[in-house]
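A.B. asks: here is my input, please return the structure:
(one chain, ligands or ions: 1)
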Amino acid sequence: MYKKRDWSTVDVVEELSKITSEVHGRYQHEPEFLQAYDEVLETITPMLKKSPRYIPMFRIMSEPERIITFRVLWVDDDGELQMNRGYRVQFNSALGPYKGGLRLHPSVNLSILKFLGFEQILKNALTGLAMGGAKGGSDFDPKGKSDNEVRSFCQAFMTELYRHIGPDTDVPAGDIGVGGREIGFLYGQYRKLENGHHGVLTGKGMLYGGSLIRPEATGYGAVYFAQNLLGHLAYTGTGYIDDQERAVAASIKGKRCLVSGAGNAAQYTCEKLLELGAVVLTASDSNGTLFFKDGMTSKDLQAIMELKNEKRGRLSELTELDNAEYKPDCKPWGLVEKVNLAFPSATQNEINGEDAKHLIDATCCAIVEVANMPISAEARKEFKAHGVIICPGKAANCGGVAVSGLEMSQNAARTTWTREEVDGKLQEIMKNAFDHCLQAFQKYTEEPNSCDLEQGANIAGFIKVADAMHEQGLY
Ligand code: GLU
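C.D. replies: As a prediction, this is how the structure comes out:
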């Protein structure tokens, strides 16, 4: 048994700076992981000052339980042997089986997967479901690859990964570069090697154990989160002339929204925003932005979905849309003078300090992180200094993994819920996530009139995982 310390006598600031210099020293070559670590530590520090006994848990939680790396060999269409690196970071399993997506992108490295896995622990805690945190993937670039090459890669990747996962151990899913097609190839190979339908991946096709609403869940969930925020701000705010004005402020209808990205998360964010009457002004990919001066229509979105999901093309190819202007090498953030909400749905650090200034000038009220950590450290400082509310990804985009959790439940019970059932549960989960963030923030803040959801999300998620670790004898 380890020796228990008397935490009442510990200098919290000194203790945290010791832990941080250890982590920064050891992982100085992992900037994205350190960015996520610093953000979490900064926001939970007020809580750690009140309850210093949680400090060792934070230290333990910052180190993955296990990291698996492997070589992936596959054959391209020219018959050439290709090699990539594959990873699975099994970060924390205190709450349940490891759970988190697989990313296929040339930028993938351990720093990025560790930041994503670290965020995933707290995100999964906020869903209220029993899931630990993990992330994996490979530096394989699916862009420009044929179906045959993607299948060859996925089968080779799973041939290595399958021995480390299982329905009660680790349940991977999609992320950037991994959608329905890739999950199908991965699952087919897993099933072949294991000789059984264990439902070990989520995001599966409906024909073989998938859940309705899973493809939509990240985007829909983020919009539900934003609705909760608007309702909270309108009904706790002052200065409204009458109830009608308050109701208008609380509704997402008519709100001017900038969306970045054009993949799964962005597409279904746009779909739900359009359904609710919001004005969607942009969509983007890494080459440029489609700007809809008078708002995107459902027909425009359909065209984007067809292009991205079936043809796997670039937005610059969408020349047939008459109410859109394509702006090459341009991000959405500085395109309009008045914005209500921004939904960064592309990738990490896509909003830099300069972009943040544009959004602040355009009087953007909140940034809803549909992607994971889309705001750079510099941009985050700008937003905080100007009172722009950040809906942190670990809360705002937890709908995706939450419906993955619901897919696991349906698989275990060998049943399928209706769209309405799953959507209803998703809405409830997003409301609970919002409420938990707010309550945790209000409990620990020294500024009762502000609304720091990042702080709330990190504290609420952290306490849950730390308590589970403690109860299981981990500290
Ligand atoms: N990759 C998604 C995320 O960042 C989904 C993970 C999952 O469904 O397991 O949360």
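
A.B. asks: show me which residues of the stretch 1-150 of the chain are close to the ligand?
C.D. replies: Within the stretch 1-150 of the chain, the positions near the ligand by CB under 6 Å from any ligand atom are 99-101, 123. For glycine as for every other residue, the C-beta is placed from the backbone atoms N, C-alpha and C.

A.B. asks: measure the closest residue to Thr319 other than its chain neighbours to Leu318 for me?
C.D. replies: Distances taken as CB to CB, 6 or more residues apart in numbering place Tyr326 nearest to Thr319, at 7.6 Å, with adjacent residues excluded. Plainly put, Tyr326 is 7 Å away from Leu318 if you go by CB to CB, to the nearest Å.

A.B. asks: Gly137: which element?
C.D. replies: strand 133-138 (DSSP states H and E).

A.B. asks: tell me the centre residue of the chain?
C.D. replies: Among the residues of the chain, the smallest C-alpha distance to the mean C-alpha position (CA atoms, centre = their mean) belongs to Asn372, namely 4.1 Å.

A.B. asks: helix, strand, or coil at the residue in the stretch 251-400 of the chain that the ligand sits nearest to?
C.D. replies: With distances taken as CB to the nearest ligand atom, the stretch 251-400 of the chain approaches the ligand most closely at Gly400, which sits 4.2 Å away. When the structure is reduced to helix, strand and coil (DSSP: H, G, I helix; E, B strand; the rest coil), Gly400 reads as helix.

A.B. asks: what's the answer for Arg88, then?
C.D. replies: When classified by three-state DSSP, Arg88 comes out as strand.

A.B. asks: list the residues that contact it.
C.D. replies: Contact partners of Arg88, counting by CB atoms under 8 Å, 6 or more residues apart in numbering, are 67-68, 134-136, 161, 164-165, 170, 172.

A.B. asks: show me what the helix or strand harbouring Cys257 pairs with in its sheet, parallel or antiparallel.
C.D. replies: When secondary structure is defined by DSSP H and E, Cys257 falls within strand 256-259. For strand 256-259, the paired strands and their directions (DSSP bridges) are strand 279-280 (parallel), strand 341-343 (parallel).

A.B. asks: got TSV for these, with distance to the ligand, mean pLDDT and mean neighbour count too?
C.D. replies: Output for the strands paired with strand 256-259, formatted as TSV (distance: least, CB to the nearest ligand atom, whole Å; pLDDT from 0 to 100; neighbours: other CB atoms under 10 Å):
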stretch	distance to the ligand	mean pLDDT	mean neighbour count
strand 279-280	22	98	20
strand 341-343	15	98	30
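
A.B. asks: among those strands, which is nearest Leu212?
C.D. replies: Each of these has some distance to Leu212 by CB to CB; the shortest is strand 341-343, at 23.1 Å.

A.B. asks: now do the helix or strand following the closest one: which elements does it pack against?
C.D. replies: On the C-terminal side of strand 341-343, the nearest following helix or strand under DSSP H and E is helix 353-361. Using 3 or more CB pairs under 8 Å, 6 or more residues apart in numbering; DSSP states H and E as the contact criterion, the secondary-structure elements in contact with helix 353-361 are helix 377-385.

A.B. asks: show the model's pLDDT score for whichever residue of the stretch 301-450 of the chain sits closest to the ligand.
C.D. replies: Per CB to the nearest ligand atom, Ser404 is where the stretch 301-450 of the chain lies closest to the ligand, at 3.3 Å. Confidence at Ser404, expressed as pLDDT, is 98.

A.B. asks: format the strands paired with strand 256-259 as JSON lines; extra columns: distance to Ser107.
C.D. replies: As requested, the strands paired with strand 256-259 are arranged in JSON lines below (distance: least, CB to CB, whole Å):
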{"stretch": "strand 279-280", "distance to Ser107": "27"}
{"stretch": "strand 341-343", "distance to Ser107": "22"}
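
A.B. asks: ok, which of those comes nearest Thr9?
C.D. replies: The minimum distance between Thr9 and the strands paired with strand 256-259 falls on strand 341-343, with 45.2 Å, by CB to CB.

A.B. asks: and the contacts of the helix or strand containing Leu16?
C.D. replies: Assigned by DSSP H and E, Leu16 falls within helix 12-26. Judged by CB under 8 Å, 6+ apart, the contacts made with helix 12-26 from elsewhere in the structure are 34, 37-38, 41, 45, 48-49, 52, 55, 58-59, 62.

A.B. asks: do me a favour and average the pLDDT over it.
C.D. replies: Averaging pLDDT along helix 12-26 yields 96.

A.B. asks: show residues contacting the helix or strand that it is followed by.
C.D. replies: With elements assigned by DSSP H and E, the helix or strand that comes after helix 12-26 is helix 31-50. Counting by CB under 8 Å, 6+ apart, the neighbours of helix 31-50 from elsewhere in the structure are 12, 16, 20, 23-24, 27-28, 54-55, 58, 62, 110-112, 114-115, 118-119, 122, 348-349, 373, 377, 380, 440, 444-446, 452, 454-455, 458-459, 462-463.
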